[in-house]
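Peer 1: sequence first, then the predicted structure:
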Amino acid sequence: MILPLMSMERPLWSQEPFNSPEWQSIDFPSNPPERKGQTNVWYKTLLPQGQWTDPVLYIYSVDLLVQVYFDGNKIYEFGQFDETGRGAFAGWPWHSIKLPEGFQGKPIYFRIFSDYSDIGLWGEVKVMEKPDLILFILSSSLKERIIFAFCVLIGILAFIFSLFQSHKQTYLYLTLFSFASAGMIIGESQASQLIYNAPMLWRYLAATSYFTLPIAISGLLYYWLANTSPAFRMLKWIRNVHIVFLVVALGLSLTEIIRLAHFYPVFDALFVLTLISMLVLIVPQHTKLDTTQKLIVCAYAVYSVFLLIDMAVAHGLIAWWRFPVSVGALLFSMTLVVISIVHFNQTQKALVDLTLSLEQKVIERTEKIQRYALREKERARLLALENKKMRALEQLVEQLHKCTELQEALQLLFKRLPALLKPLPATVRFNSVRDRMLPSTLTPQSILSFSIKVDDATDKSYVCAVIEIDESPLIHDDTINAISLFISRAADRIGITLSSIKLQEELQQLSYEDALTGLKNRRFFDELLKRESMVALRQGTPLSLLICDIDHFKQFNDRFGHEAGDMALKTLAECLLTHFRETDISCRYGGEEFVVVMPAASNEHAVRRAQQLILDVEKTPIEYLGQSIGTITLSIGIATWPETVDSPSLLLKHADTALYQAKQKGRNRVEHEICL
């Protein structure tokens, strides 16, 4: 491995020979000599010879960001370099770098940024087949995954014990410690990257868990020993210091004020001080601990040794190797297992004593239970029937949702609802009059009644059906309550579904506005033209119709994009709203076509307004993304009753013909066809 002098500048790829004086040879691509606080470095090395099918370059970790270049091209990047060659901490994942064909024997370059205590590649660096790499990751992290699962299991068991034991806080702290150990193991396991490739997520999980370990153990020791000596109250102070550190570290790193990586050296130093402090406090007073507490303290001491060795490896005090820190967590968890077994045996003995006292109570209650047996059997049968009916209700509601009209839904309900209620003691009465409420009086045989109501957009409601429960001497009060609850829920579900269909039907009828331009749409125009035509015939007043079409709109869309085309449509809509009278109605007819209905407007007036509209639109720039992209032109066809057509019903046809003539004659003009 060869590195250059520290620099943010990109080296000259053509610089040869390979061992140029500009580069320095080193044994390991991490923490080069003469760093002197610099944060950027380049490494290069020759890739090995060999035959590979799907080769990748595997790197255990990088401090902190890296770019990889081959033949002058960037083939990999982790993290985001800014213009100054720096970047935000992005986690410590392992890296799998795809190598191009013909890489054998050629140099590869690494650009590194790190303001951390270490800089460069860290751990294993090797060329491998990609499938072999996946198997290598899975096999090397198998032990960690097993220990992670074991720690989670121990944490769950400790939490369960906390629910039943008098020393609840002891087990809660042990639960926290076990879960923290599990989080640290899985967060730093290479297999986690295969589960979900989110380096910072796993790094935050590992860091949070790592920073939580001393909180759990100092809190546990404080709970045990605070009453034996005032000196042990210092443990509470230690716990609180680590809590503050955890909150500050996570807060400052999440807000990107200080990078998460920078908190590790600080925590490691604090962790060492914590271990020394607890050692000084515990050793002289160890006789005050019971056997269980001594086992836990000893297990934590062993675990701490593992953590210290791993810490020494991480800071380069010991040569890098895959130190099994998870084994320490396993030993601690095994200690908890032993303790749990002892407590379990004690609990079992207590349960035996308790069982003897309960047997007498069980005998006393046996007769009472037998009296309820038949009723419970009936209730179970009813619950099974209710589950079956609930599935049938869901199927009915699903079929109702497929109906597009309320009448169709009511017909389906008329067919399916009676079958849904059988064999429950219930009858259904349907209401055939939709504008009146169905009387709520009960039949002589009915004891309860439920209405299925349909609400419309005006908050008015009507009853479409009434479900009545018939009186029966074979059912008990609790059975009636269960039946009532099911039918009440069924009535509400069906009513809500029918109301939704009704509202959709009404909204469909009331939808007259074009979402893009804010003008009225074609549906509104069709009804408007019919209405204005009848008014014009009845009052004998003229009626003019304009059809506007944007010239070469497809070319405009192809040139500037559909979003720019939408801005052109909006701009034309604004021109139409400001150009015509308040009595003139502008509508979007479809695509790039717009229509204007002009009641009581002569052909001359309509032509004059159309010509002015063409001039105004041609002068109005289209604004898109903060800049003008040009203007558009219009072709307009006009028809007027009774001047140019002999029937108002022919206005649309002849206006469209006039529009076609305008396009044939060169566009950007007004045409009005005279057919009389």
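Peer 2: Noted; the coordinates are in hand. Computed from a prediction, not measured in an experiment: that's the story for all the values here.

Peer 1: need the mean per-residue confidence for stretch 646-665.
Peer 2: Average pLDDT, stretch 646-665: 92.

Peer 1: please begin residue numbering at 20 from this point
Peer 2: Noted, 20 is the first residue going forward, which turns the last one into stretch 665-684.

Peer 1: please state the offset of that stretch from the chain centre?
Peer 2: 53 Å (Cα atoms, centre = their mean, to the nearest Å).

Peer 1: buried residues in that stretch?
Peer 2: P667, L669, L670, L671, H673, A674, D675, T676, A677, L678, Y679, A681 (16 or more other Cβ atoms under 10 Å). From N, CA and C alone the C-beta is placed, and that goes for glycine too.

Peer 1: where along the stretch 370-519 of the chain do the helices fall?
Peer 2: 425-440, 496-529 (DSSP state H, counting those that start in this stretch).

Peer 1: regarding I633, what is its secondary structure?
Peer 2: Following DSSP: H, G, I helix; E, B strand; the rest coil, I633 is assigned to helix.

Peer 1: how close does it sit to L588?
Peer 2: From I633 across to L588, the span is 17 Å (Cβ to Cβ, to the nearest Å).

Peer 1: more crowded one of those two?
Peer 2: L588 (21 against 18; other Cβ atoms under 10 Å).

Peer 1: which SSE is that one in?
Peer 2: Using DSSP states H and E, L588 maps to helix 581-598.

Peer 1: how far is that helix from where the chain is centred?
Peer 2: 36 Å.

Peer 1: helices and strands around it, which ones?
Peer 2: Here helix 581-598 touches strand 562-569, helix 572-579, strand 604-609, strand 612-618, helix 622-638, strand 642-643, going by 3 or more Cβ pairs under 8 Å, 6 or more residues apart in numbering; DSSP states H and E.

Peer 1: F544 contacts V616, doesn't it?
Peer 2: Yes. Using Cβ atoms under 8 Å, F544 makes contact with V616 at a distance of 7.2 Å.

Peer 1: now do the shared contacts for these two.
Peer 2: Residues touching both F544 and V616 (Cβ atoms under 8 Å, 6 or more residues apart in numbering) are I604, C606.

Peer 1: among the helices and strands packed on helix 581-598, which comes closest to A501?
Peer 2: strand 604-609 (56.2 Å; Cβ to Cβ).

Peer 1: neighbours around the residue lying closest to R448 once chain neighbours are set aside, how many?
Peer 2: Distances taken as Cβ to Cβ, 6 or more residues apart in numbering place V485 nearest to R448, at 4.8 Å, with adjacent residues excluded. The local packing of V485 (other Cβ under 10 Å) involves 22 other residues.

Peer 1: V485 bridge partners, please.
Peer 2: Going by DSSP bridges, V485 is paired in beta bridges with R448, S470.

Peer 1: what distance do you get for L336 to L327?
Peer 2: Distance from L336 to L327, by Cβ to Cβ: 10 Å.

Peer 1: for E487, see how far away the residue nearest to H420 when sequence neighbours are not counted is.
Peer 2: Computed as Cβ to Cβ, 6+ apart, the closest residue to H420 that is not its neighbour in sequence is T516, at 6.4 Å. Distance, T516 to E487, using Cβ to Cβ: 21 Å.

Peer 1: L425 now?
Peer 2: From L425 to E487 the distance is 23 Å (Cβ to Cβ).

Peer 1: over to A509?
Peer 2: In terms of Cβ to Cβ, A509 sits 13 Å off from E487.

Peer 1: compare the two (neighbour count), which wins?
Peer 2: Neighbour count, other Cβ under 10 Å: between A509 and E487, A509 has more, with 23 against 19.

Peer 1: hmm, that one is touching A411, no?
Peer 2: No. Using Cβ under 8 Å, A509 is not in contact with A411; the gap is 9.5 Å.

Peer 1: quick check: neighbours shared by the two?
Peer 2: Contact criterion Cβ under 8 Å, 6+ apart; residues shared by A509 and A411: L439.

Peer 1: any stretches of the stretch 520-669 of the chain with poor pLDDT?
Peer 2: 526-530 (pLDDT under 70).

Peer 1: could you rerun that using 80?
Peer 2: 521-531 (pLDDT under 80).
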